[in-house]
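pasting a predicted model and its sequence here:
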Amino acid sequence: MIRGPQLGRFLAAGLLIALAISYIPETTHSAESPLQVIRKTATSVTLDWRGWPVPNLNQLTIYRNGKPIITFQQARTSFVDTTTGWGETFAYFVRARFNNGTTADTNTVWVTTNALSTGLNVILVLTDDQRWDTLQYMPRVQQLLVQPGVTFSNAFASTPQCCPSRAGLLTGLFSHNHGVLSNRINARGLKDASTLATWLRGAGYRTALIGKYLNGYSEDWKLFRPWPYTPPGWSDWHAFRTEGYYDYRLVENGSEVTYGTGPEDYSTLVLASKAVDFITTTPVGQPFFLLFTPRAPHIPAISERRDKVLFVDLSPWRPPSFNEADVADKPAWVQLLPPLTADDAARVERRRIKQLRSLQSVDRAVQAIYDAVAASGRLDSTVFILTSDNGWAWGEHRMARGKICPYDECARVPLVVRVPGASPRVDAHLITLIDLVPSIASWTGIPHPKVDGTSIARLVFEPNTSWRDAMLIEMLDGESDEQAMLYSAVRTRTQLYVEYLNGDREFYDLKTDPFALLNAVADPVSASLIERLRTRLEAFRRQ
């Protein structure tokens, strides 16, 4: 069932507070967003939580950027932090410890001491079909985002296909709730009157989409909406009308513009320039959200000419699951795949190298965007996120190409987040791309309707935050040749359980079988565990 709740029903009182201080309410088990920032100066931040009842209190601890800064042994309702500096960003919450030993937390509030607006700026770089294990080939991303940021090593697309995944990134909903179930049900299936863009624009943000929007965004919309069509919520709009690395068309704020085949027309370069222009023309003090969505490394993965000599010495890609020899235990769609020939394997390897080469322009684009933010003095008030809409197979399980499968090659994605004040680390919690919507709402302080994702804003600062132990991956619609691949799956850190719409099932213990080679769904030893996973899957389907 597709949900379309109206924004007004979900506005929470107190989300936007006086003095335009940035803060972020988050759902906790004990508080209805009582913590507020009531004052900030060049050298102090004043917190207030007088609406939070704390009976049987033993002590109160104030946390800043995930670390305790002061503890009180008696009840209090306010605190003045005089250890702040001008031009910094802080995240605060209050933890109460009770006489019986239990604890409870307030919501988290965010303060950017030099920001005149609510919330942080957010830049989301969304690549197309980038595998989770390819960040190592992007040296600038490594230096600017990975080394100072939080890398989530278990991040997944809830639906590993371009259009439904991107729709989830705009709504925070599973595809069975936002209704864009596949590329076949394309951009016209999205209810774009209520998305991350409209929520941000409504809160005073300047917003930009530069690159790919959703599959099906084209002149065909003349049958449904005026063309050229700019969806609501976007201040600056430069979207592919026809996608490509060369010889493509963009819809640019109401006009169609054609680009050619010259070196200067390479699409990642053109889009990066527009992203830099957006940042430099946004006044300091005006909050902004940039969704930068280049074509790379989607096939045919054409790179800039200067990158065509790279990666010639890479060893061939040969994990244990490559060209899997025995697929008798696999679902019908895998059993129908023929073994890869030598020519097939060579073709996969050429495609792999081309994809890595095409990512080099994205790597340089990240550098250009980062430099523009730094030059404007906004690094300390800007969140950077880099991820992809889904992964891509490089010959695993006989898949010479593809992305809609439930295996890690398809569903697992890179995700690195650089948040002001957060300490760098690799985090193994299970993250789904739809978590980014409430996270961006957290960092920007905007109200929003109910979503299926969970904000990672607290998790970025506090690795011990209570978190999910399982997540949903689903593929519920597709073209005629994809029907046997449609499924719902539950993924934990060490298990994968899949139910296909045709009745096929899979179970893998990824702790002992990390490459998903042995389908143990019929193993009686795993029967009770599989039943628990099946129950979890049913709960996800009803969510």
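Done, it's in.

apart from its chain neighbours, what residue comes closest to His397?
With C-beta to C-beta, 6 or more residues apart in numbering as the criterion, His397 has its nearest non-adjacent residue at 5.0 Å, and that residue is Glu324. Where C-beta positions appear, they are placed from N, C-alpha and C, glycine not excepted.

ok, which stretches of this protein are helices?
Along the chain, counting by DSSP state H, helices occupy 139-141, 162-171, 175-178, 196-202, 267-281, 332-335, 342-375, 408-411, 436-444, 457-461, 527-542.

dump these to JSON lines, plus mean pLDDT.
Shown next, in JSON lines, are these (pLDDT from 0 to 100):
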{"stretch": "helix 139-141", "mean pLDDT": "98"}
{"stretch": "helix 162-171", "mean pLDDT": "96"}
{"stretch": "helix 175-178", "mean pLDDT": "96"}
{"stretch": "helix 196-202", "mean pLDDT": "94"}
{"stretch": "helix 267-281", "mean pLDDT": "98"}
{"stretch": "helix 332-335", "mean pLDDT": "97"}
{"stretch": "helix 342-375", "mean pLDDT": "98"}
{"stretch": "helix 408-411", "mean pLDDT": "97"}
{"stretch": "helix 436-444", "mean pLDDT": "91"}
{"stretch": "helix 457-461", "mean pLDDT": "88"}
{"stretch": "helix 527-542", "mean pLDDT": "96"}
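
got those as a markdown table, with distance to Val94 and mean neighbour count columns?
Listed next are the helices of the chain as a markdown table, based on distance: least, C-beta to C-beta, whole Å; neighbours: other C-beta atoms under 10 Å:
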| stretch | distance to Val94 | mean neighbour count |
| --- | --- | --- |
| helix 139-141 | 35 | 19 |
| helix 162-171 | 31 | 27 |
| helix 175-178 | 33 | 24 |
| helix 196-202 | 27 | 21 |
| helix 267-281 | 35 | 20 |
| helix 332-335 | 52 | 16 |
| helix 342-375 | 31 | 19 |
| helix 408-411 | 37 | 26 |
| helix 436-444 | 17 | 26 |
| helix 457-461 | 13 | 24 |
| helix 527-542 | 32 | 14 |
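
of all these, which one is nearest Val490?
helix 527-542 (4.4 Å; C-beta to C-beta).

run through who's touching the closest one.
Contacts with helix 527-542, where a contact means C-beta atoms under 8 Å, 6 or more residues apart in numbering, come from 174, 176, 470-472, 488-490, 492, 495, 497, 499, 507, 521.

sort out for me which of those residues are in strands.
Those of the contacts of helix 527-542 mapping onto strands are 471-472, 488-490, 495, 497, 499, 507, per DSSP state E.

looking at the residues you listed, which is nearest Val109?
Met471 (27.6 Å).

show me what contacts the residue sitting furthest away from the middle of the chain?
Going by C-alpha atoms, centre = their mean, the residue of the chain most distant from its centre is Gln74, 40.7 Å out. Going by C-beta under 8 Å, 6+ apart, Gln74 touches 57, 60.

give me the local confidence score for it.
pLDDT, the model's per-residue confidence, is 81 for Gln74.

give me phi/psi at it?
Phi and psi for Gln74, reported as degrees, to the nearest 10, are phi -140, psi 160.

how far away is it from Tyr245?
Taking C-beta to C-beta, to the nearest Å as the measure, Gln74 falls 64 Å from Tyr245.

got it, and Trp317?
As judged by C-beta to C-beta, Trp317 and Tyr245 stand 23 Å apart.

tell me which of those two has more neighbours.
Neighbours per residue, other C-beta atoms under 10 Å: of Trp317 and Tyr245, the larger number sits with Tyr245, 23 against 14.

so who does that one touch?
By C-beta under 8 Å, 6+ apart, the residues touching Tyr245 are 266-268, 295-296, 300, 302, 358.

would you turn those into JSON lines with distance to Gln36?
Formatted as JSON lines, the contacts of Tyr245 follow (distance: C-beta to C-beta, whole Å):
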{"residue": "Tyr266", "distance to Gln36": "48"}
{"residue": "Ser267", "distance to Gln36": "45"}
{"residue": "Thr268", "distance to Gln36": "43"}
{"residue": "Arg295", "distance to Gln36": "43"}
{"residue": "Ala296", "distance to Gln36": "43"}
{"residue": "Pro300", "distance to Gln36": "52"}
{"residue": "Ile302", "distance to Gln36": "51"}
{"residue": "Ser358", "distance to Gln36": "47"}
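
longest strand anywhere in this protein?
Secondary structure of the chain read by DSSP E shows that its longest strand is strand 89-98.

output that strand as CSV, nothing but the C-alphas.
Listed next in CSV are the C-alpha coordinates belonging to strand 89-98 (Å, rounded to 0.1, in the frame of the first residue of the first chain):
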residue,chain,number,x,y,z
THR,A,89,29.3,22.7,15.2
PHE,A,90,28.2,20.8,18.3
ALA,A,91,25.6,18.0,19.0
TYR,A,92,24.2,17.9,22.5
PHE,A,93,22.0,15.5,24.4
VAL,A,94,21.3,14.9,28.1
ARG,A,95,21.4,11.4,29.7
ALA,A,96,19.6,10.7,33.0
ARG,A,97,20.7,7.9,35.2
PHE,A,98,18.0,6.7,37.7
